[in-house]
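Undergrad: What follows is a predicted protein model with its sequence.
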Amino acid sequence: MDRLNRQITILSVALLAIVGFLVLDWDRAEKSASVDEEAPPSRLLFDFKPEAITRVTITGPDGKLQFDAAEGAWQMVSPVSTLAQTSSITAILDRFEDLRIGETALRGSPADYGLGEDQRLELRLEELDGTAFTVYVGQDTPVGYKTYAQVPGDSAVYTLSSQVHELLGKKADEFRGRELIAAQPGTAERVRIVQGDKEVVYRHDETGWWVGDTGPRANEKEIADYLGIISEMKVESFLDGKTPGELGLDNPAATVSVKDASGTHTLRIGARDAGGANAAVGDIAVRVNADDLTVLLPPETWTSTLLAEAKSWKVDAVTVELGGKKLALTRKAGSWKDAEGKDAEAGSAVMDALLALEVDRSGTPVMAGDAGRVVIGLGENRITVKIGDPDKSGARVARDEAGGPAFLIPSASLATLEDALAGRIVPAEKPAGGLGGGGGEMPDGLEEMLRGMGAQDPH
């Protein structure tokens, strides 16, 4: 079995190396294709960073579309005040960030290229300080995947290095977004849910999720599920012509806010009615249906009942100290080793037992004494739980070194720690077959490689 695992590891690493080479080679090919040494000279059209742009305006024969950045997302402010499809605006900014314009003028009238004043599209990008970038966009070229364009102050026609007319030429309704909360679950770092006089905050740091700024660890699965679901929620309908103030949403009955890498996304919710509730995404009035309201406003607080909240594939070390005994295991290249560097077949079983260890966070015990600790290694980070004196029931008071109030490790969980120290936790028997020889586990080495690449949970 060990030989089979080694063979699968070698094949997995080789496969990843081949894929990496092909991706790199493809990237190089694309870059080579985009920089044709025989092509006419060109220059970068604009010099800006997408994150610095706060307004995008597209003016064409059908009128003006204007989009403003607001609360980590984009809103359409003309011709109607509504939500914008953030991905569409992001696609424009990403495309124009690296777009080049030729330095060789074309013959003929601008109208021949769709650049007459009654034909062209005008794109204007603005930064917060007023710095603006403007280009006139005409037809796409019939061949060569380019677009005819002009720059203000120059009547000559040039070509852009990529086709962009279709990107800009959509109707207003095609730019309309429907996300209630345009947050990315993978980069979320703070969630705030307010219902009347009840407020719950969840915050994320390098060791996981917490309830509030001083509260206990939070149930990470509940939060992950919540973020995943609400990020997919859509507006039931738009209340065009209505303002949040007119609907009483300046003093909402409830609020849901999610802060992620792009900013803070806030949904203000009014009083419930039979079909749901009026709500506001920024300054846009919308309707939220009753089913979504039930999910958006959970009745309970998601406090963790586990000693440590962590993905097993991220754990690379475990340490247990209690009653003068110590167990220290480390995982490298998918294999667990003890303190002496010998193979520790029970390493995965011990890790699983520690990650499933239940605790009681319902009370407010006082931490005293220093009887031991449990350490869960997560690469550069670690979760360290100090174990103190027992209480009257025999449970031990404990506290997470990273913060939060003290809690209790009940006797059943203490027995698991004692079993780990005594070597009574044994590896589960792996069924034959499957990836890496059984149990759905990843081949040795592949899991380590994914962890080093910062990949998401592979299980």
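TA: Sure, I can see it.
Undergrad: contacts, neighbours, all on C-alpha from now
TA: Noted.
Undergrad: just the helices in the stretch 101-250 of the chain please.
TA: Read by DSSP state H, counting those that start in this stretch, the stretch 101-250 of the chain holds these helices, from start to end of the chain: 165-168, 220-230.
Undergrad: TSV for the ones you listed, including mean pLDDT?
TA: Converted to TSV, the helices of the stretch 101-250 of the chain look like this (pLDDT from 0 to 100):
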stretch	mean pLDDT
helix 165-168	96
helix 220-230	97
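Undergrad: Out of these, which is closest to Ala70?
TA: Each of these has some distance to Ala70 by Cα to Cα; the shortest is helix 220-230, at 18.8 Å.
Undergrad: buried residues in that closest one?
TA: Applying a neighbour-count criterion of 16 or more other Cα atoms under 10 Å, the buried positions in helix 220-230 are Glu220, Ile223, Leu227, Ile230.
Undergrad: which secondary structure elements does that helix contact?
TA: Secondary structure elements in contact with helix 220-230, counted by 3 or more Cα pairs under 8 Å, 6 or more residues apart in numbering; DSSP states H and E, are helix 290-296.
Undergrad: by contact count, what packs against the helix or strand following the helix it packs on?
TA: Toward the C-terminal end, the helix or strand that comes next after helix 290-296 (DSSP states H and E) is strand 317-322. Contact partners of strand 317-322 among helices and strands, from 3+ Cα pairs under 8 Å, 6+ apart: strand 325-332, strand 372-378, helix 411-422.
Undergrad: Recalculate using a threshold of 6 Å.
TA: Here strand 317-322 touches strand 325-332, strand 372-378, going by 3 or more Cα pairs under 6 Å, 6 or more residues apart in numbering; DSSP states H and E.
Undergrad: out of these, deepest packed?
TA: Comparing these by mean neighbour count (mean count of other Cα atoms under 10 Å), strand 372-378 comes out on top with a mean of 21.
Undergrad: picking that back up, figure out which of the helices and strands packed on strand 317-322 is closest to Pro142.
TA: Using Cα to Cα as the criterion, the shortest distance between Pro142 and those is 54.3 Å, found for strand 372-378.
Undergrad: got a list of contacts for the following helix or strand past that closest one?
TA: With elements assigned by DSSP H and E, the helix or strand that comes after strand 372-378 is strand 381-390. Under the contact criterion Cα atoms under 6 Å, 6 or more residues apart in numbering, strand 381-390 has outside partners 368-376, 396-401.
Undergrad: The helices of the stretch 101-250 of the chain into CSV, with extra columns for distance to Gly423?
TA: As requested, those are exported to CSV (distance: least, Cα to Cα, whole Å):
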stretch, distance to Gly423
helix 165-168, 63
helix 220-230, 30
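Undergrad: closest one to Asp343 among the ones you listed?
TA: Set against Asp343 and scored by Cα to Cα, these come closest in helix 220-230, at 31.4 Å.
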